[in-house]
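> show me the folded form of this:
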Amino acid sequence: MSRVKKPFLKYLRPLKWKEVFDFWRKNEASQANWIKAYKERGFDSWDAWREKYTKPLKCDQAEWHFYELVNPEKNISSFYGGPFKTWKKLYYKEKETLQFSELVKLPEIQKNKDINSLADNFPEKTIIIGLEVGKKIVIIEGMHRSCAIALLAKKRRKLKSIILIALAKYPENNLPAVGKFRKSK
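Numbers count the residues shown, from 1 in each chain. So this is what the prediction gives:
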């Protein structure tokens with residue numbers, strides 16, 4: 001069993017990739033902006049589109065585990081944003097990724113209406129998805145929620161929610177960039 005052992009993670013149970021993908025689908029598949037995104041890129045379904053993202057990240061080959069985050073405001077702030085081309089272009093600038101504590105210092109994140117709305121009305125319970133890459137935890141699903149939590153921490157506001165994370169170890173030291181995929185003809 002190759003589970004992540006960190007003092008800020010309370011171990012719950014092992015997971016199958018199908019369960020993790022189902023969490024992701026539940027978080028996104030019915031939202032209008034994600035439906036628009038996959039259709040604009042020529043995909044027939046959310047599943048087909050997101051499978052294109054998860055394949056280079058080797059998600060289906062990973063050994064997944066489920067945890068509850070202890071003190072999520074502090075700990076999510078130390079996690080890193082995912083390897084998404086759009087986030088790299090808009091926020092990471094010359095870097096491969098940034099910690100959420102750094103992301104929330106950016107004016108465009110501080111002013112983001114979706115992130116602020118989440119910070120003001122955070123769900124009672126949520127699941128994010130991450131990969132442990134070397135010594136970093138990189139979020140591959142839940143970027144806006146993670147930014148909202150880090151923003152709450154920056155403003156010293158208490159979060160009264162349960163934050164769960166599906167987490168697996170990535171077999172290499174760097175994640176490939178993903179995003180802007182179009183359906184192959």
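
> how about Leu175, what does it touch?
57, 82-83, 131, 133, 138 (C-beta atoms under 8 Å, 6 or more residues apart in numbering). Yep, even glycine has a C-beta here, placed from its N, CA and C like the rest.

> ah, wrong one, I meant Glu132
4, 138, 167-170.

> give me the most central residue, this protein.
Glu141 (2.8 Å; C-alpha atoms, centre = their mean).

> pop out the phi and psi values for that residue.
phi -150, psi 130 (degrees, to the nearest 10).

> in this structure it contacts Ile128, no?
Yes. Contact criterion C-beta atoms under 8 Å: Glu141 and Ile128 qualify, at 6.2 Å.

> okay, and for this structure, where does confidence drop off?
Applying pLDDT under 70 to the chain flags residues 1-2, 180-185.

> going along the chain, name the strands of it.
Taking DSSP state E to define them, one finds strands in the chain at 9-15, 64-69, 125-133, 136-141, 162-169.

> in a markdown table, list those strands along with distance to Val104.
Listed next are the strands of the chain as a markdown table, based on distance: least, C-beta to C-beta, whole Å:
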| stretch | distance to Val104 |
| --- | --- |
| strand 9-15 | 22 |
| strand 64-69 | 17 |
| strand 125-133 | 16 |
| strand 136-141 | 13 |
| strand 162-169 | 16 |
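
> which among those is found nearest to Ala148?
Nearest to Ala148, of all the strands of the chain, is strand 125-133, at 9.9 Å by C-beta to C-beta.

> how far does that closest one sit from its chain's centre?
Strand 125-133 has its C-alpha centroid displaced from the chain centroid by 6 Å (C-alpha atoms, centre = their mean, to the nearest Å).

> pull the number of nearby residues for the residue found closest to the residue nearest to the centre of the chain once you drop the neighbours it is linked to in the chain.
Using C-beta to C-beta, 6 or more residues apart in numbering and skipping residues adjacent in sequence, the residue nearest Glu141 is Ile129, 3.9 Å away. Look at Ile129: counted by other C-beta atoms under 10 Å, it has 23 neighbours.

> what do you get for the one 10 residues further on?
Using other C-beta under 10 Å, Ile139 has 23 other residues around it.

> give the contact list for it.
Going by C-beta under 8 Å, 6+ apart, Ile139 touches 79-82, 100, 128-130, 146.

> do Gly82 as well
Contacts of Gly82 by C-beta under 8 Å, 6+ apart are 97, 138-141, 143, 175, 178.

> in JSON lines: the residues you listed, plus distance to Ala119.
Formatted as JSON lines, these follow (distance: C-beta to C-beta, whole Å):
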{"residue": "Thr97", "distance to Ala119": "21"}
{"residue": "Val138", "distance to Ala119": "21"}
{"residue": "Ile139", "distance to Ala119": "16"}
{"residue": "Ile140", "distance to Ala119": "21"}
{"residue": "Glu141", "distance to Ala119": "18"}
{"residue": "Met143", "distance to Ala119": "14"}
{"residue": "Leu175", "distance to Ala119": "26"}
{"residue": "Val178", "distance to Ala119": "26"}
